[in-house]
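Peer 1: I'd like to go over a predicted model; first the sequence, then the structure.
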Amino acid sequence: QVQLVESGGGLVQAGGSLRLSCAASERTFTNNIMGWFRQAPGKEREFVAAISRSGINTYYADSVKGRFTVSRDNAKNTVYLQMNGLKPEDTAIYYCAADSTGVVRVRTRPGEYDYWGQGTQVTVSS
């Protein structure tokens, strides 16, 4: 069982920055591909970013590419999402997720991740 706890959300003005953190409870953190997703009111949960087990490979949704950076510290069992140049349309609840299935390819659909955090609210004012 993997427990994930996000932190770092908040209210920020457009153009500002936030860094989200997601701490995992398990010793086998390095076995998991980690992803970030978000869900705005009335919308489906969507992929934001993902990072491979080693941290070498990263993947981003087109909407955040060049503004967001995903990273991980396997020694601390933590994954991060640095968000710069925030826009009002980035407003959502942000979730981190773990894919513990052992697949090689990083996946981007919510249903392909088997553990989820409780989410942290990010609100960007115009």
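Peer 2: The structure has been received and is ready for your questions. Numbers count the residues shown, from 1 in each chain.

Peer 1: Let's check: the centremost residue of the chain is which one?
Peer 2: residue 36 (2.1 Å; C-alpha atoms, centre = their mean).

Peer 1: what pairs with that one across the strands?
Peer 2: The partner list for residue 36 in beta bridges (DSSP bridges) reads residue 49, residue 96.

Peer 1: so what's it up against?
Peer 2: 20, 22, 48, 49, 50, 70, 79, 81, 94, 95, 96, 97 (C-beta atoms under 8 Å, 6 or more residues apart in numbering). For every residue, glycine as well, the C-beta is placed using N, CA and C.

Peer 1: which one among those gets closest to residue 87?
Peer 2: Taking C-beta to C-beta as the measure, residue 87 lies nearest residue 48 of the contacts of residue 36, at 13.2 Å.

Peer 1: Run through the protein and note the low-pLDDT ranges.
Peer 2: Residue ranges of the chain with pLDDT under 70: 27.

Peer 1: again, only this time at 80
Peer 2: Across the chain, residues meeting the criterion (pLDDT under 80) sit at 26-28.

Peer 1: Please name the residues that touch the nearest residue in space to residue 25 that is not next to it in sequence.
Peer 2: Using C-beta to C-beta, 6 or more residues apart in numbering and skipping residues adjacent in sequence, the residue nearest residue 25 is residue 3, 3.9 Å away. Contacts for residue 3 (C-beta under 8 Å, 6+ apart) come out as 24, 25, 26, 115.
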